[in-house]
Every structure is written in C-alpha cells, then in structure tokens.
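Asks: Return atomic coordinates for the entry below.
(one chain, ligands or ions: 2)
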Amino acid sequence: NKKGFIFDLDGVIVDTAKYHFLAWRKLANSVGVDFTEEQNEQLKGVSRVESLEKILAWGNIELSEDTFMELMARKNDDYINHVYQMDESEILPDVVKVLAHLQSINQPIALGSASQNARTILKKVNLYDSFDVIVDGTNVTKAKPDPEVFLRAAESMEMEPEQCIVFEDSVSGVKAANTANMISIGVGSKAVLHEADYVFKDFTEISVDFLNNLLKNEVK
Ligand code: BG6
Ligand code: MG
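Replies: Ligands and ions are numbered 1, 2, ... in the order given. Reported below is the predicted structural model:
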C-alpha cells in the first residue's frame with residue numbers, strides 16, 4: 001500500500017520561518033511599517049511577491065515597480081545570509097526519524113514548498129537526497145492556497161491526490177492541501193491550523209503507529 005508523502009519546507013522541515021520573520025520585519029520597519037508575529041502568520045506559505053504586497057498594503061504604501069523589485073531583493077539577501085549559516089542542527093526534532101521510517105517502508109517522499117531557496121536550504125541541512133521529488137517556488141506559477149504545488153508533487157510521484165498526505169505549518173498550505181483533496185496534517189498550533197485533518201505540535205508527536213495507520217486508509 002502506497003501513499004505520497006508531501007512535506008512543506010519552511011516551518012516543517014527546518015525552522016526557517018524565524019528567518020523569514022526577521023528579514024520581513026527588518027524590511028517592513030525600514031519602510032515605516034510595523035510588523036507583528038500575527039501579521040507574520042499571514043505570510044507563512046505565501047510567495048515572496050505576495051508577502052511584500054501584503055506588507056505594503058498594511059502600510060498603505062505604493063511603490064514603483066523598480067523599488068518593489070529592489071525591496072524584494074533586499075529581503076532575500078538578508079534572508080539568504082541566515083540560510084548560509086544553516087546546518088543539520090536546524091532540522092526540526094524527529095523530522096529525520098519520520099523521513100527515515102517512510103523510506104524504510106518504501107513510501108515516495110516529496111517536497112512541496114513556495115520557496116525559491118528550497119534546494120539551497122535542503123543542501124545546507126544535508127536532506128537534498130531524502131526527497132524523491134522536489135517542487136518549489138521555481139517550478140510553480142500559482143502560490144498557496146492554490147493547490148498547484150501539491151498537485152505537481154503528486155503527479156511527479158505518480159500518485160493520485162487522494163493518496164497524498166501533506167505536512168504543513170501554514171494556513172495557506174493547509175487550505176492548498178484540502179483543495180487538492182489530500183489529507184492535511186498541520187504542524188504547529190491547533191488554534192491556527194484548525195482546518196487541517198490532523199494537527200500535531202511537531203514531529204515528536206507523530207508516531208510510527210500514526211503513519212502506519214495513514215497507510216491503511218484508502219481515502220480521506
Ligand atoms: C514559504 C515561506 O515556504 O516560502 C514564506 O513560508 C516565503 O514565508 C515563501 O515567503 C517564499 O520563499 P522565498 O525563499 O522564495 O522567498
Ligand atoms: Mg511553511
């Protein structure tokens with residue numbers, strides 16, 4: 001019995017959500033916009049372009065296309081500086097254990113991320129070879145909550161959407177998984193991720209029994 005296991009990257013595999021937060025806050029503050037953790041929650045899973053559009057909208061700021069591009073580049077430079085310092089120690093608890101279990105029972109594993117930096121990050125933390133399929137921000141045109149990224153991952157794994165299970169830390173990612181007709185597993189707060197089929201605080205709460213039970217259920 002096979003399922004397709006699809007993992008988001010930022011905030012699921014590694015705690016890069018904190019680096020995105022720091023870089024966006026710095027950028028937002030530099031154009032005079034306050035930036036709270038709550039606002040940051042709304043940027044999780046959201047593409048780089050849409051994130052900046054939201055920040056500018058919160059501050060009622062309109063910019064020329066050139067300045068917009070410049071700010072996006074500045075944010076990414078700042079973010080990349082954090083990424084370059086990453087290593088295996090930044091893989092979130094028990095992620096390796098879950099990946100290893102799925103590999104040991106021959107389940108296909110995909111990455112489904114909005115980030116254009118996904119491949120760089122996977123290489124930095126030495127997980128690049130753990131994924132059979134990688135779909136990231138360089139491969140898709142529509143950002144989460146659009147299901148495109150997960151549907152592409154399913155297709156590449158040669159799995160039907162109904163056979164796929166998505167691990168997500170963002171509201172937009174959970175919506176994308178649900179729209180794709182996949183099983184959504186929220187990783188984070190129940191209050192935030194209440195639309196997910198299941199929610200766990202982190203991977204330490206996800207048991208081998210739970211994973212094996214997922215394999216037994218044919219459909220959602
Ligand atoms: C998502 C993050 O995974 O990727 C977002 O949750 C981020 O915060 C988005 O904006 C795009 O990432 P990047 O690395 O291409 O700017
Ligand atoms: Mg995420």
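
Asks: Residue 147 and residue 136, how far apart?
Replies: For residue 147, the distance to residue 136 equals 15 Å [Cβ to Cβ, to the nearest Å]. Just so you know, the C-beta spots here come from the backbone N, C-alpha and C atoms, and that holds for glycine as well.

Asks: ah, wrong one, I meant residue 77
Replies: For residue 77, the distance to residue 136 (Cβ to Cβ) stands at 19 Å.

Asks: Tally up the residues packed near residue 210, please.
Replies: Residue 210 has 13 neighbours, counted by other Cβ atoms under 10 Å.

Asks: which residues touch it?
Replies: Neighbour list for residue 210: empty [criterion: Cβ atoms under 8 Å, 6 or more residues apart in numbering].

Asks: Quick one: mean pLDDT over the strand or helix carrying it.
Replies: Assigned by DSSP states H and E, residue 210 belongs to helix 208-216. What helix 208-216 shows for mean pLDDT is 93.

Asks: Same drill for residue 77 and residue 136, tell me which one is more crowded.
Replies: residue 136 (22 against 10).

Asks: now the residue lying closest to that one once chain neighbours are set aside: how far from residue 9?
Replies: Of all residues not flanking residue 136 in the chain, residue 118 sits nearest, at 3.7 Å (Cβ to Cβ, 6 or more residues apart in numbering). To residue 9, residue 118 is 5 Å away according to Cβ to Cβ.

Asks: same deal with residue 138?
Replies: Distance of residue 138 to residue 9, given as Cβ to Cβ: 13 Å.

Asks: just residue 49 next, same as before
Replies: Residue 49 sits 18 Å away from residue 9, going by Cβ to Cβ.

Asks: do residue 145 as well
Replies: 17 Å.

Asks: And the two? Which one has more around it.
Replies: residue 9 (26 against 18).

Asks: residues in contact with the closest residue to the more buried one other than its chain neighbours?
Replies: Of all residues not flanking residue 9 in the chain, residue 113 sits nearest, at 3.9 Å (Cβ to Cβ, 6+ apart). Applying Cβ under 8 Å, 6+ apart, one finds that residue 113 lies in contact with 8-10, 135-137, 149.

Asks: Out of the residues you listed, which are close to ligand 1?
Replies: 9-10, 137 (Cβ under 6 Å from any ligand atom).

Asks: and which of the residues you listed is nearest to residue 182?
Replies: Distance ranking of the ones next to ligand 1 among the contacts of residue 113 against residue 182, using Cβ to Cβ, places residue 9 first at 16.7 Å.

Asks: show me the contacts for that closest one.
Replies: Residue 9 sits next to 16, 111, 113, 115, 118, 121-122, 136 when contact means Cβ under 8 Å, 6+ apart.

Asks: For those, give me a markdown table that also has pLDDT, distance to residue 89 and secondary structure.
Replies: Supplementary listing: those in a markdown table, determined by pLDDT from 0 to 100; distance: Cβ to Cβ, whole Å; DSSP: H, G, I helix; E, B strand; the rest coil:
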| residue | pLDDT | distance to residue 89 | secondary structure |
| --- | --- | --- | --- |
| 16 | 95 | 13 | coil |
| 111 | 98 | 20 | strand |
| 113 | 97 | 20 | coil |
| 115 | 96 | 20 | coil |
| 118 | 98 | 19 | helix |
| 121 | 98 | 14 | helix |
| 122 | 98 | 15 | helix |
| 136 | 97 | 23 | coil |
